[in-house]
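Novice: I would like the atomic coordinates for the input below:
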Amino acid sequence: MYSNNGEFFASRPATRAEREVYGYVRQLSRIEDAQQAIDAFYGLLFKASVTLPDLDSNSVRHALLHILESPEANKILPYVINRCFYTIGNIWRMDTSRHSALRTLILRASAVPEKRPRDRRVRQLVNAMDAYVKNGSLYVPLQRQMHLLCDLPQEEDCTSFANCFKDYFFIYESAAVTRDIPLHHRKSIQLQRKHQAQHFNKRLNNYWHDYQQGLNPVNPTRLSDDDLRNAIWAFLPGRDGSYLKQACQFDEFYRSRQKREDFLTHFHGYVMEPFVEANSRFKNNRFSSSVRTTLVESLGTDTAPITDASITYMCSRLLKILVCNTLEHPDIGQFKHLIKTVGHQALTAVLLKIVLFKRTVRSWFEDRFGILFHKWESSSLDSIGWLVQSFEYMNVALALNAPWVNYVPKARHTVA
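Specialist: The predicted structure is shown next:
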């Protein structure tokens, strides 16, 4: 999601031929013998052959060849292939007994036949599969989904940041789903995200309860016990003056007063408050002025009305300054400087306040951390301690406030 690749494919309706191919893949997902389904899936993508007897094989093959003969075939083929993986993956992820098969399905993609077929169209399909596997913005997110399967290998390296992916529910969709995939193929990932957020919230509440009872609680994070206790207290939604309550109060202020200057002044104070509390120099320093300038520029001219859309845009620009910019040009110098000067907890508080106030900006926020994960996932935990701490603090803050940023339903949650 953090990459813009595939946006054109998401916005265009699937052709009749594409729908027929996707329908065939859905039929494969329902075959009881998973290995037979995998073989048939790769028969389609490596040989353009259709082996499921219950369907008109000639019709499905004709549909696939029609796609291959399309004038835009080279442009759309990687995304058609991607949609096929997500079509079967969305169904198999919901069934834990299929997780091992799904892992096999994903890994087998890299076994592209070295000997190319003689048939021009089939050769074009195999070349497209080869390009798909080598495309970091498509196949890599698919590979990340393997970390969310229940059959994780016991020998998996626990010192690699990549293998921490399952812990960070808030980047599931950003880092493991591409922009060309429609909402109905993201349901299983979203469900896994909800379950992980609920599970982690429960572990945090159990830790806090045991600590308050004078027991020896089990720390469910990579933070020290002192840092975790401070973080839980800071981000509890039910405490006096919590960030959730501050966000609700500011939202009431925004709804009741629409004067531009009033809004800018109060929102600047609202955002900067954790920084100033951690380091008083942030009250009037260069960074504070830079934030103010960004807010002013984002809202447009003095006569432009303040709307939900303009505020969402303003918050999205602010997130780029606070965390990182784009995948191609991350520009994380400011992010690391803030960690050094105000600390992880204060920076996490600012980010949480932005997302709590304007929940529509959550996907922008997730994309920022998705970019960070993409850039450093191959690193060892020891070499990027500053980044691991950032993810851990954010995980705690979002899990405790999950119902108010729409990660879990409010009705099933109790405030700690």
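
Novice: can you tell me how far the residue lying farthest from the centre of the chain is from residue 47?
Specialist: Distance from the C-alpha centroid of the chain, by C-alpha atoms, centre = their mean, peaks at residue 118 (40.6 Å). Using C-beta to C-beta, to the nearest Å, we find residue 118 at a distance of 12 Å from residue 47. All C-beta atoms are positioned from the backbone trio N, CA, C, and that covers glycine.

Novice: from residue 124, how far off is residue 274?
Specialist: Relative to residue 124, and taking C-beta to C-beta, residue 274 is found at 55 Å.

Novice: brain fart, residue 297
Specialist: When residue 297 is compared with residue 124 (using C-beta to C-beta), they lie 47 Å apart.

Novice: more neighbours, these two?
Specialist: residue 124 (18 against 10; other C-beta atoms under 10 Å).

Novice: for my notes, confirm the more buried one occurs in a helix.
Specialist: Yes: the assignment for residue 124, made by DSSP: H, G, I helix; E, B strand; the rest coil, places it in a helix.

Novice: so for the residue farthest from the centre of the chain, what's the pLDDT?
Specialist: Note for residue 118: predicted pLDDT of 86.

Novice: quick one: low-confidence ranges for the stretch 251-400 of the chain?
Specialist: Across the stretch 251-400 of the chain, the ranges flagged by pLDDT under 70 are 257-258.

Novice: could I get the full set of helices for it?
Specialist: Along the stretch 251-400 of the chain, counting by DSSP state H, counting those that start in this stretch, helices occupy 260-278, 286-298, 308-322, 333-341, 344-357, 362-376, 385-400.

Novice: now render the ones you listed as CSV, adding distance to residue 113.
Specialist: As requested, the helices of the stretch 251-400 of the chain are exported to CSV (distance: least, C-beta to C-beta, whole Å):
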stretch, distance to residue 113
helix 260-278, 55
helix 286-298, 51
helix 308-322, 43
helix 333-341, 44
helix 344-357, 46
helix 362-376, 29
helix 385-400, 39
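
Novice: residues in contact with residue 356?
Specialist: For residue 356, the contacting residues are 243-244, 246-247, 401, 404-405, by C-beta atoms under 8 Å, 6 or more residues apart in numbering.

Novice: between those, which sits nearest residue 370?
Specialist: Nearest to residue 370 among the contacts of residue 356: residue 405, at 16.0 Å, using C-beta to C-beta.

Novice: do I have it right that that closest one meets residue 360?
Specialist: No: judged on C-beta atoms under 8 Å, residue 405 makes no contact with residue 360 at a distance of 10.5 Å.

Novice: helix, strand or coil for residue 26?
Specialist: helix.

Novice: quick check: the farthest pair among the contacts of residue 356?
Specialist: Within the contacts of residue 356, two members stand farthest from each other by C-beta to C-beta: 246 and 405, at 14.3 Å.

Novice: so what does the residue farthest from the centre of the chain look like in phi/psi?
Specialist: With angles defined as degrees, to the nearest 10, residue 118 sits at phi -70, psi -40.

Novice: alpha carbons only: can I get stretch 9-18 in CSV?
Specialist: Extracted in CSV, the C-alpha atoms of stretch 9-18 (Å, rounded to 0.1, in the frame of the first residue of the first chain):
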residue,chain,number,x,y,z
PHE,A,9,-5.4,-1.3,-12.0
ALA,A,10,-7.4,-0.8,-8.9
SER,A,11,-9.5,1.9,-10.4
ARG,A,12,-10.2,0.1,-13.7
PRO,A,13,-13.0,-2.5,-13.8
ALA,A,14,-11.9,-6.0,-14.5
THR,A,15,-12.6,-7.2,-18.1
ARG,A,16,-14.8,-10.2,-18.8
ALA,A,17,-11.8,-12.3,-19.6
GLU,A,18,-10.1,-11.3,-16.3
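
Novice: break the chain into its domains for me.
Specialist: 4-153, 187-404 (the TED database).

Novice: dump those domains to CSV, plus distance to residue 178.
Specialist: Shown next, in CSV, are the domains of the chain (distance: least, C-beta to C-beta, whole Å):
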stretch, distance to residue 178
domain 4-153, 5
domain 187-404, 11
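
Novice: nearest approach to residue 181 belongs to which of the ones you listed?
Specialist: Ranking those by proximity to residue 181 (C-beta to C-beta) places domain 4-153 first, at 5.1 Å.

Novice: off-centre distance for the closest one?
Specialist: From the chain centre to the centre of domain 4-153 is a distance of 22 Å (C-alpha atoms, centre = their mean, to the nearest Å).

Novice: for stretch 350-365, same thing?
Specialist: 14 Å.

Novice: so which bits of it are buried?
Specialist: Using 16 or more other C-beta atoms under 10 Å as the test for burial, stretch 350-365 gives 350-358, 361-362, 364-365.

Novice: likewise for stretch 121-131?
Specialist: In stretch 121-131, counting by 16+ other C-beta under 10 Å, buried: 122, 124-126, 128-131.

Novice: equivalent analysis for stretch 41-56, please.
Specialist: In stretch 41-56, counting by 16+ other C-beta under 10 Å, buried: 41-42, 44-46, 48, 50, 52.
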